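Visitor: just coords:
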Ligand code: ZN
């Protein structure tokens, strides 16, 4: 195992450097004074260049090939073979992109971001159009460099959801869409919910204390993590024993920080739950962006937007904000938190309309990449799809096709993972309920340890051993499906909106 061990030692060093970059990145977004920006960018660029060079160097390739020969006789599912499969995928991807394209993409996204910010300020898509055209051209080159079996979009999707094909995402979305559109329509016809109780005056200290309290109850270990404040909430980790989350407080909108903190806690539980035996090895990572998102969405929505959760924790919430929610009943609070209303942007979307935002963007990205949608037509096509899916039309480009940062970062292929994770969260929860006896009654007492232990075993401790499709099959005993999610939404929102059971059968 000499070559295999030497390879792991080399990769561990690269991991240490990447984690050092992550510390710098965390600091940049939390406590760094504005003046530090220029130097920090240079430090991060230097580290990224170094790690890329170390990973793609001939020594890595030689050690990898030698280790593959050395381990060829082992079981395909042995730790060594699974590790080498993962490293081989990463390595082949890293060396397939010509350095000139890497540099061009870095430059185009850096300038593209500035241009997008200005275009959005002026709500003028035409100012961003030439940049988007250029970025799409670079992404096409990227897809060609990576290679694909069926469609160019496959190559971009594979960066975030290894092994998944565009046609498979389409199949999942096609199965889900009619049911979602129908549920949105039925909710629209029902009596609407007033969520003004969530817009009262919630002092920041109370929000922070309650957020930390809930995160700890869900199982987040503050001895191996911390919560800070940023403009854009995120989760980052420097090791299994140092996993940090951030949130953003809005004094007059309770869900912003609270549900944001819980979402990031879900991500953090995944990373705090990796197998200690995988420390500093390539296996200690998430299976995919979609699987990562399944963890955050499971805790945020299925657990913490449930009636059972608030039966236990609502009195505690009321205590954190004396006089603010005293006369508000549990039922009013719960229904306000689950209000469904079509919104212009995904990040503000409720559980029912959320995936429709992603389907829209997925279709735009595919069309732009294969040329069936012209860049100049983006605002019109966007607005048409918004009308079809959500029944609302943006008033301008800023609210519509310019709303989101992703395209300026040339990250086509990322968006579907938000929906895939959301859909998977319901499938995993169904399976957990069928395997853990007494899960419902434990959760009704505010005890989530059984659920967390199940996720630890089936998902967290598996790290990056399996492709997402393999992981789902192993955890759920079936391939990914969207019926769990649709059933979950239908039964939950029929109750929240008191929908007639007769219309459910239609
Ligand atoms: Zn997330």
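Guide: Yep, it's here. Predicted model only: the values in this text are computed from it and were never measured. Numbers count the residues shown, from 1 in each chain.
Visitor: what distance separates the helix of greatest length in the chain from the middle of the whole chain?
Guide: In the chain, taking DSSP state H as the definition, the longest helix is helix 2-30. Put simply, helix 2-30 sits 22 Å off its chain's centre (C-alpha atoms, centre = their mean, to the nearest Å).
Visitor: After that helix, which helix or strand is next? Please name it.
Guide: Per DSSP states H and E, helix 2-30 leads on to helix 37-56 as the next helix or strand towards the C-terminus.
Visitor: Could I get the buried residue list for the longest helix of the chain?
Guide: Neighbour-count burial for helix 2-30 flags 3-4, 7-8, 10-11, 14-15, 19, 21-22, 24-26, 28-29 (criterion: 16 or more other C-beta atoms under 10 Å). Using the backbone N, CA and C atoms, a C-beta is placed for each residue, glycine as well.
Visitor: Likewise for stretch 69-79?
Guide: Across stretch 69-79, burial judged by 16+ other C-beta under 10 Å covers 70-71.
Visitor: Tell me the span between the first and last residue of that stretch.
Guide: End-to-end span of stretch 69-79 (C-alpha to C-alpha, to the nearest Å): 15 Å.
Visitor: Check stretch 95-104 too.
Guide: Termini of stretch 95-104 sit 16 Å apart (C-alpha to C-alpha).
Visitor: Which residues outside it are in contact with it?
Guide: Residues outside stretch 95-104 that contact it (C-beta atoms under 8 Å, 6 or more residues apart in numbering): 52, 56, 61, 138, 141-142, 145-147.
Visitor: and the two most separated of those?
Guide: 61 and 138 (25.7 Å; C-beta to C-beta).
Visitor: Just want to know which of the two has more residues nearby.
Guide: residue 138 (17 against 14; other C-beta atoms under 10 Å).
Visitor: I'd like the distance between residue 267 and residue 248.
Guide: Relative to residue 248, residue 267 is positioned 15 Å away (C-beta to C-beta, to the nearest Å).
Visitor: more crowded one of those two?
Guide: Each of residue 267 and residue 248 has its neighbours counted (other C-beta under 10 Å); residue 267 has more, 24 against 13.
Visitor: And for the closest residue to the more buried one other than its chain neighbours, the neighbour number?
Guide: Counting by C-beta to C-beta, 6 or more residues apart in numbering, the nearest residue to residue 267 once its immediate chain neighbours are dropped is residue 235, at 3.9 Å. A total of 21 residues lie near residue 235 under the criterion other C-beta under 10 Å.
Visitor: wouldn't residue 235 be in contact with residue 243 here?
Guide: Yes: Residue 235 is within contact range of residue 243, at 6.9 Å (criterion: C-beta atoms under 8 Å).
Visitor: any residues in contact with both of the two?
Guide: Common contacts of residue 235 and residue 243 (C-beta under 8 Å, 6+ apart): 268, 271.
Visitor: what pLDDT does residue 503 get?
Guide: In the prediction, the pLDDT value recorded for residue 503 is 47.
Visitor: again, but for residue 163
Guide: Looking at residue 163, the pLDDT reads 95.
Visitor: do residue 73 as well
Guide: pLDDT for residue 73: 97.
Visitor: and if you look at residue 41?
Guide: At residue 41, pLDDT is 85.
Visitor: and it, how many neighbours does it have?
Guide: Residue 41: 13 neighbours (other C-beta under 10 Å).
Visitor: repeat for residue 427
Guide: Close neighbours of residue 427, defined as other C-beta under 10 Å, add up to 23.
Visitor: do residue 67 as well
Guide: Residue 67 has 23 nearby residues by other C-beta under 10 Å.
Visitor: Pull the contacting residues for the nearest residue to residue 279 once chain neighbours are set aside.
Guide: Once flanking residues are discounted, residue 279 sits nearest to residue 240: 6.4 Å by C-beta to C-beta, 6+ apart. Listed by C-beta under 8 Å, 6+ apart, the contact partners of residue 240 are 224, 271-272, 274, 276, 279, 284.
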